[in-house]
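*Asks:* fold the following, please.
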Amino acid sequence: MTLQAEPTRPSAHPTTARFSELLNEVRDHGLLERRHGWYAVRITATIGAFFGLWVAFFLIGDSWWQLAVAAALGFVMTQFGFLGHDAAHRQIFRSGAANAWAARVLACGFAGLSYGWWRAKHNKHHKGPNQEVVDPDIAPGALAFTPEIVQQRRTAFGRWFAANQGWFFFPLLTLEGLNLHYASVRTTMDRSSGLPWRRLELTVVSLRLLAFVVILLVALPLGMAVAFFAVQMAVFGVLLGMSFAPNHKGMPIVPEAMRLDFLRRQVLVSRNVRGGPFTDLMMGGLNYQIEHHLFPSMPRVNLRRAQPIVRRFCERHAVPYTEVGLLRSYRIVVDYLNNVGLRARDPFDCPLAAQLRTA
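*Replies:* Residues are numbered from 1 along each chain as shown. Purely as a prediction, here's the structure:
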């Protein structure tokens with residue numbers, strides 16, 4: 001059955017009015033207040049680890065132990081990506097300008113990613129997660145996320161790849177680091193992009209990436225330098241990709257014309273991942289995807305405390321709240337990607353699709 005667009009305005013749905021109850025409860029617990037101390041410690045520790053690894057790099061010298069440094073550097077780059085994401089969402093400071101400049105320093109200077117490009121793309125995702133045409137994260141690309149995209153694959157190889165793309169998803173993440181750097185440079189080079197401080201970001205990102213390559217080529221033999229670069233980029237891409245993939249992949253796809261109230265638009269297509277402090281660290285708090293989408297400016301460290309409040313609210317108002325273990329979430333992603341072309345227009349045989357139909 002084809003999903004039907006909501007004939008009334010989103011504000012007409014009762015859960016829209018009730019969302020203010022949730023907002024007030026979260027605010028009463030102080031969960032929207034800035035956590036300057038926590039971020040100061042986290043940023044200082046991440047910068048310290050970054051420079052510490054480069055000290056280790058020069059001390060180790062011509063040794064294959066450098067690959068361990070490369071892997072650790074990939075992990076630290078991922079943490080800078082998470083911090084840049086937090087700043088872009090205005091989680092660190094009250095001032096929008098302060099957050100923007102913090103994101104530029106953390107993302108452009110340390111991770112080699114354009115803040116302006118990332119923010120523009122990510123804002124579209126938050127506006128309509130898993131919504132066709134609206135969400136760039138499910139747009140046509142190397143992978144097909146909707147049946148319509150699969151149907152556009154005309155060649156035998158294209159159809160075969162779409163039927164097996166779930167098995168290629170995680171190997172392809174080893175290239176995601178390169179893809180993110182490429183997208184950052186390409187967008188900041190585009191004069192028509194309209195990004196603020198475009199030239200500054202282009203300069204910082206380009207110099208950062210160039211300095212990285214030059215240091216490797218000067219300090220290490222060519223083969224070892226290439227291996228170091230490949231390991232660092234692969235770890236960076238895999239860790240970032242594995243933190244984003246479980247959040248929406250395999251959840252209902254919303255047709256472009258459908259209108260949902262804010263609460264269900266964010267909750268019904270998001271998935272939380274169970275875990276403790278280690279999961280929080282490795283996923284940058286994105287394992288609390290539902291809470292993050294409802295309160296994008298909430299400091300990352302407060303998401304865990306907000307979770308039981310949001311879960312109880314959803315239970316009271318019969319809004320399905322999805323949470324699974326990490327391995328289970330990856331199995332869902334692989335199964336969905338391998339079967340996108342076999343899905344009906346109603347993308348998933350699950351209660352959430354029924355919820356969307358009645359939205």
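*Asks:* and Leu59, how far from Glu176?
*Replies:* Computed as Cβ to Cβ, to the nearest Å, the Leu59 to Glu176 distance reads 30 Å. All C-beta atoms are positioned from the backbone trio N, CA, C, and that covers glycine.
*Asks:* likewise Ala71?
*Replies:* From Ala71 across to Glu176, the span is 16 Å (Cβ to Cβ).
*Asks:* neighbour count for those two, which is higher?
*Replies:* Set Ala71 next to Glu176 and count neighbours by other Cβ atoms under 10 Å: Glu176 wins out with 19 against 16.
*Asks:* is it correct that that one falls within a helix?
*Replies:* Yes: using DSSP: H, G, I helix; E, B strand; the rest coil, the assignment for Glu176 is a helix.
*Asks:* now do the contacts for the residue nearest to it when sequence neighbours are not counted.
*Replies:* Spatial nearest neighbour of Glu176, excluding adjacent residues (Cβ to Cβ, 6 or more residues apart in numbering): Gly237 at 3.3 Å. Gly237 is in contact with 173-180, counting by Cβ atoms under 8 Å, 6 or more residues apart in numbering.
*Asks:* for stretch 312-319, which positions count as buried?
*Replies:* For stretch 312-319, the neighbour count (16 or more other Cβ atoms under 10 Å) marks 313-314, 317, 319 as buried.
*Asks:* among those, which are in helices?
*Replies:* Among those, the residues falling in helices (DSSP state H) are 313-314.
*Asks:* was I right about Arg208 contacting Gly109?
*Replies:* Yes: counting by Cβ atoms under 8 Å, Arg208 does reach Gly109; the two are 6.2 Å apart.
*Asks:* identify, by residue count, the longest helix of this protein.
*Replies:* Per DSSP H, the chain has its longest helix at helix 222-248.
*Asks:* after that one, which helix or strand is next?
*Replies:* Going down the chain from helix 222-248, the next helix or strand is helix 262-267, by DSSP states H and E.
*Asks:* can I get stretch 181-192 in PDB? Just the C-alpha atoms.
*Replies:* Extracted as PDB, the C-alpha positions of stretch 181-192 are listed here (Å, rounded to 0.1, in the frame of the first residue of the first chain):
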ATOM      1  CA  HIS A 181      37.700  15.000   2.600                       C
ATOM      2  CA  TYR A 182      36.900  15.100  -1.100                       C
ATOM      3  CA  ALA A 183      33.300  16.500  -0.500                       C
ATOM      4  CA  SER A 184      34.800  19.100   1.800                       C
ATOM      5  CA  VAL A 185      37.300  20.400  -0.700                       C
ATOM      6  CA  ARG A 186      34.900  20.100  -3.700                       C
ATOM      7  CA  THR A 187      32.200  22.100  -1.900                       C
ATOM      8  CA  THR A 188      34.500  24.800  -0.500                       C
ATOM      9  CA  MET A 189      36.000  25.300  -4.000                       C
ATOM     10  CA  ASP A 190      32.500  25.900  -5.400                       C
ATOM     11  CA  ARG A 191      32.000  29.700  -5.600                       C
ATOM     12  CA  SER A 192      28.200  29.200  -6.000                       C
END
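*Asks:* so which bits of it are buried?
*Replies:* For stretch 181-192, burial by neighbour count (16+ other Cβ under 10 Å) applies to 181, 184-185, 187-188.
*Asks:* do stretch 129-142 as well
*Replies:* 129-132, 135, 137-138.
*Asks:* swap in stretch 43-58?
*Replies:* Residues of stretch 43-58 classed as buried: 43, 46-47, 49-50, 53, 57 (neighbour count, 16+ other Cβ under 10 Å).
*Asks:* list the ones among those residues that fall in helices.
*Replies:* Using DSSP H to define helices, the subset of the buried residues of stretch 43-58 located there is 43, 46-47, 49-50, 53, 57.
*Asks:* ok, now which ones touch Asp86?
*Replies:* Asp86 makes contact with 39, 92, 284-285, 299-300, according to Cβ under 8 Å, 6+ apart.
*Asks:* Arg198: how many residues sit nearby?
*Replies:* The tally of other residues near Arg198 (other Cβ under 10 Å) stands at 18.
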